[in-house]
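> Below: sequence and its predicted model.
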Amino acid sequence: MAKECLECSEKIVGRIDKKFCSDACRNAYNNNVNKDSKNLIRNTNNRLRKNYRILEDLNPEQKTKTSRAKLIEMGFDFNYFTSIYTTKAGTVYFFVYDQGYLDIDNNYYALVKREK
């Protein structure tokens with residue numbers, strides 16, 4: 001009994017445990033299977049990358065202050081960050097990798113860069 005390729009249904013020749021007739025079919029099959037999760041990951045990473053670039057551009061000296069309006073104008077999305085750091089005093093910093101921001105009074109943010 002001949003096995004069929006999972007992607008194109010062609011007859012498979014070769015090893016008994018082969019599932020695909022070619023690398024192209026294997027790649028196409030796996031791309032289709034993982035399409036939805038890859039889109040979610042890609043979109044999230046793109047938003048994180050954009051947020052990081054904005055913080056990096058606004059914070060060349062590794063510590064500064066900026067307005068909420070400026071961040072929003074540049075396309076910053078406050079829903080995407082990689083970690084939260086709470087100090088002993090209870091101050092909450094949001095970080096996008098090593099670039100962080102602290103809400104000062106809802107109109108201004110302190111921008112910081114985490115030391116290595």
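Ah, there it is. Numbers count the residues shown, from 1 in each chain.

> Any idea what Lys11 is bridged to?
According to DSSP bridges, Glu4 are recorded as the beta-bridge partners of Lys11.

> Give the burial count for it, as a bare number.
Number of residues near Lys11 (other C-beta atoms under 10 Å) recorded here: 9. No exception for glycine: its C-beta is placed from N, CA and C like everyone else's.

> Surely it touches Glu4?
Yes. Checked against C-beta atoms under 8 Å, the pair Lys11 and Glu4 is within contact range at 6.5 Å.

> In PDB, please show the C-alpha coordinates belonging to the longest helix seen in the chain.
Among the segments of the chain that qualify as a helix by DSSP state H, the longest is helix 35-58. Coordinates of each C-alpha in helix 35-58 appear next as PDB, following Å, rounded to 0.1, in the frame of the first residue of the first chain:
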ATOM      1  CA  LYS A  35      -0.200  30.200  10.000                       C
ATOM      2  CA  ASP A  36      -2.500  31.600  12.700                       C
ATOM      3  CA  SER A  37       0.000  31.300  15.600                       C
ATOM      4  CA  LYS A  38       2.800  32.800  13.500                       C
ATOM      5  CA  ASN A  39       0.700  35.800  12.600                       C
ATOM      6  CA  LEU A  40      -0.100  36.500  16.300                       C
ATOM      7  CA  ILE A  41       3.600  36.200  17.200                       C
ATOM      8  CA  ARG A  42       4.700  38.300  14.300                       C
ATOM      9  CA  ASN A  43       2.200  41.000  15.000                       C
ATOM     10  CA  THR A  44       3.100  41.100  18.700                       C
ATOM     11  CA  ASN A  45       6.800  41.200  17.900                       C
ATOM     12  CA  ASN A  46       6.300  44.000  15.500                       C
ATOM     13  CA  ARG A  47       4.400  46.100  18.100                       C
ATOM     14  CA  LEU A  48       7.200  45.400  20.700                       C
ATOM     15  CA  ARG A  49       9.800  46.400  18.100                       C
ATOM     16  CA  LYS A  50       8.000  49.600  17.300                       C
ATOM     17  CA  ASN A  51       7.600  50.500  21.000                       C
ATOM     18  CA  TYR A  52      11.300  49.700  21.600                       C
ATOM     19  CA  ARG A  53      12.400  52.000  18.700                       C
ATOM     20  CA  ILE A  54      10.200  54.800  20.000                       C
ATOM     21  CA  LEU A  55      11.600  54.600  23.600                       C
ATOM     22  CA  GLU A  56      15.200  54.300  22.200                       C
ATOM     23  CA  ASP A  57      14.700  57.400  20.000                       C
ATOM     24  CA  LEU A  58      13.300  59.500  22.800                       C
END
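
> Perfect, that will be all.
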